[in-house]
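A.B. asks: model this:
(4 chains)
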Protein chains: 2
Amino acid sequence: MTLHPELERANSRGRPRQFDPDEALTAAMRVFWEHGYAGASISILVKAMGLNRGSLYATFGDKEALFHRVMELYEREKTAYMMDALDQPTARGVAERLFRGTLALQTNSDNPKGSMGIVHSVSHAPGDEAIRTFVMERSNFWREKLIDRMIEAQRQGDFPSTIDAKSLALSLKASSDGLLVAAGTGASAAELSGIVSIFLATWPGK
Amino acid sequence: MTLHPELERANSRGRPRQFDPDEALTAAMRVFWEHGYAGASISILVKAMGLNRGSLYATFGDKEALFHRVMELYEREKTAYMMDALDQPTARGVAERLFRGTLALQTNSDNPKGSMGIVHSVSHAPGDEAIRTFVMERSNFWREKLIDRMIEAQRQGDFPSTIDAKSLALSLKASSDGLLVAAGTGASAAELSGIVSIFLATWPGK
DNA sequence: TTAATTATTGACCGTTCGTTCTAAATATAT
DNA sequence: ATATATTTAGAACGAACGGTCAATAATTAA
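C.D. replies: Coordinates of the predicted model:
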């Protein structure tokens, strides 16, 4: 793992790049999203990104560094709704925003199906431990935020005190993950919407 | 992909095996469960199974055939509770049996964490399409059974007619999958139990 | 005892993997 | 023009992959 060189260098000297780094990164995100880290070979990546091996390593560092860049982009462009959800005024609002965001993400035909996070969280392939650790850190960060938010919601009386706030948070995360699994394994938009309807209909409190 | 030879051949002639095929298969199941199909290299498998490459191929056929054998064993020994759940008298009973079974499976310290099915369902690595298709067929079979069961439950008045039976079935599957994801990504037994409590507390009807 | 049969062992095959490297191409600064 | 800087292109690297094979060992049938 190396520190990556700057993407935008504003060079004046030297032969100019024949590819756009941002477009290449977007293409790489799609490849990792569709195929997973292990399945995204350098050969597939360079073809999709429109550059050659040398340029990939010179611009982005090695495969792991490229993946880190891709995850940044993924979280900024695709899963920002997860942090947004925490700002909703009630626990139900958080759940609703979370589910609707997932629905929108998975229904958008431009996006590959399923979640980049989950794919890499559940895979224990040798050689991918570092990747799994990296993804899990992000996932755990989000998990803690959600627990804190539900504890706060309980203080505000959003749901009965008989319900354990942490468990509610974890069940919300599990439901969201289950929805993403369904999306990644071929469920239709109508089916996903139906699942969300049930989740929201059975949500306890306001 | 080749047709596998018989596991138990009752040979009298020839050099006897120095390993037990059933034990070897159980060891292979653990490896696939922990590392996934792509991550379970032949080198890792033969070491865990206590035989050499030649014997593996002679006894079980190629890697894909071995995986099929492993999935048979996995479903027979580990996930039988899923089909059992369908026999419960009410919709709530189905959900309860399903969740309790998942809890028991994931809490048993002899078992690797997470679900073999989900790991291979969400992985789109090139070269694993056949594996993914195979696993998805099993998953879809179970899915259809669950939908039929919830339609029947609605006819019997287990939950209000305002609820869409198919969506309830899919949400139950999503919840179960989410629980398995949680289990596979390090959730404690107490946390898993808490999630199940929420799921059951919010289950609609009897 | 001999022939036939089956299992074990480890070398070996071609392919693909991530990564590196060298030579050629293309730009700017002087 | 010439030197310097950067990218491109593709060959090449060692390691690991799934899979095969010939030689040897161990057993039973004749």
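
A.B. asks: ok, now which ones touch A:Ala153?
C.D. replies: A:90-91, A:94, A:159, A:165 (C-beta atoms under 8 Å, 6 or more residues apart in numbering or on different chains). C-beta here means a position set from N, CA and C on the backbone, and glycine is covered the same way.

A.B. asks: Mark which of the residues you listed are part of strands, please.
C.D. replies: The subset of those located in strands under the criterion DSSP state E is empty.

A.B. asks: Please identify which of these is nearest to B:Arg143.
C.D. replies: Each of the contacts of A:Ala153 was checked against B:Arg143 using C-beta to C-beta; the closest is A:Val94, at 28.5 Å.

A.B. asks: The closest one contacts A:Gln88, correct?
C.D. replies: Yes. Judged on C-beta atoms under 8 Å, A:Val94 makes contact with A:Gln88 at a distance of 4.8 Å.

A.B. asks: who has more neighbours, those two?
C.D. replies: More crowded of A:Val94 and A:Gln88, by other C-beta atoms under 10 Å in any protein chain shown: A:Val94, with 23 against 16.

A.B. asks: I'd like the distance between that one and DNA strand D.
C.D. replies: When C-beta to the nearest atom of the strand, to the nearest Å is applied, the distance between A:Val94 and DNA strand D equals 43 Å.

A.B. asks: and what of A:Ser175?
C.D. replies: From A:Ser175 across to DNA strand D, the span is 35 Å (C-beta to the nearest atom of the strand).

A.B. asks: in which helix or strand would I find that residue?
C.D. replies: A:Ser175 is part of helix A:165-184, with elements assigned from DSSP states H and E.

A.B. asks: Show me what counts as buried in the next helix or strand after that helix.
C.D. replies: Under the assignment DSSP H and E, the closest C-terminal helix or strand after helix A:165-184 is helix A:189-201. Residues of helix A:189-201 classed as buried under the neighbour-count rule (16 or more other C-beta atoms under 10 Å in any protein chain shown) are A:191-192, A:194-199, A:201.

A.B. asks: What distance separates the opening and closing residues of stretch A:156-168?
C.D. replies: End-to-end distance of stretch A:156-168 (C-alpha to C-alpha, to the nearest Å): 15 Å.

A.B. asks: Can you list the buried residues in it?
C.D. replies: Across stretch A:156-168, burial judged by 16+ other C-beta under 10 Å covers A:158-159, A:163-168.

A.B. asks: just for chain A, where's the confidence low?
C.D. replies: Counting by pLDDT under 70, chain A shows low-confidence ranges at A:1-11.

A.B. asks: is chain B contacted by the helix or strand harbouring A:Arg76?
C.D. replies: Following DSSP H and E, one finds A:Arg76 within helix A:63-77. No. Residues of helix A:63-77 are not located near chain B by C-beta under 8 Å from any C-beta of the partner chain, the shortest gap being 14.4 Å.

A.B. asks: what's in contact with that helix?
C.D. replies: Counting by C-beta under 8 Å, 6+ apart, residues outside helix A:63-77 touching it are A:1-4, A:25-26, A:28-29, A:32-33, A:37, A:42, A:45, A:56, A:60, A:116, A:130-131, A:134-135, A:138.

A.B. asks: what about that helix and DNA strand C, any contact?
C.D. replies: Yes. Helix A:63-77 reaches DNA strand C (C-beta under 7 Å from any atom of the strand) through A:63-64.

A.B. asks: and what of stretch A:18-37?
C.D. replies: No. Contact between stretch A:18-37 and DNA strand C, assessed by C-beta under 7 Å from any atom of the strand, is absent, since the two come no nearer than 8.0 Å.

A.B. asks: How about the lengthiest helix in chain A and DNA strand C, any contact?
C.D. replies: Taking residue count as the measure and DSSP state H as the definition, the longest helix of chain A comes out as helix A:129-155. No. Helix A:129-155 is not in contact with DNA strand C by C-beta under 7 Å from any atom of the strand; minimum separation 10.4 Å.

A.B. asks: Only the buried residues of that helix, if you could.
C.D. replies: In terms of neighbour count (16+ other C-beta under 10 Å), helix A:129-155 has its buried residues at A:131-132, A:134-136, A:138-139, A:142-143, A:146-147, A:149-150, A:153-154.

A.B. asks: Return the subset of the contacts of A:Ala153 lying in helices.
C.D. replies: For these, secondary structure assignment (DSSP H) places A:91, A:94, A:165 in helices.

A.B. asks: Can you tell me which residues in chain A are near DNA strand D?
C.D. replies: Taking C-beta under 7 Å from any atom of the strand, the part of chain A that reaches DNA strand D is made up of A:9, A:11, A:13-19, A:51-55, A:58-59, A:126.

A.B. asks: Mind checking which of these are in helices?
C.D. replies: Members of the residues of chain A next to DNA strand D lying in helices (criterion: DSSP H): A:53-55, A:58-59.

A.B. asks: Which among those residues count as buried?
C.D. replies: Taking 16+ other C-beta under 10 Å as the criterion, what is buried in those is A:55, A:59.

A.B. asks: With distance to DNA strand C added, can I get the ones in helices among the residues of chain A next to DNA strand D in TSV?
C.D. replies: TSV is the format used below for these (distance: C-beta to the nearest atom of the strand, whole Å):
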residue	distance to DNA strand C
A:Arg53	4
A:Gly54	4
A:Ser55	9
A:Ala58	8
A:Thr59	11
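
A.B. asks: can you redo the ones in helices among the residues of chain A next to DNA strand D as JSON lines with distance to A:Met71?
C.D. replies: What follows is those, written out as JSON lines (distance: C-beta to C-beta, whole Å):
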{"residue": "A:Arg53", "distance to A:Met71": "22"}
{"residue": "A:Gly54", "distance to A:Met71": "24"}
{"residue": "A:Ser55", "distance to A:Met71": "21"}
{"residue": "A:Ala58", "distance to A:Met71": "21"}
{"residue": "A:Thr59", "distance to A:Met71": "17"}
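
A.B. asks: Between the ones in helices among the residues of chain A next to DNA strand D, which sits nearest chain B?
C.D. replies: A:Arg53 (18.1 Å; C-beta to the nearest C-beta).
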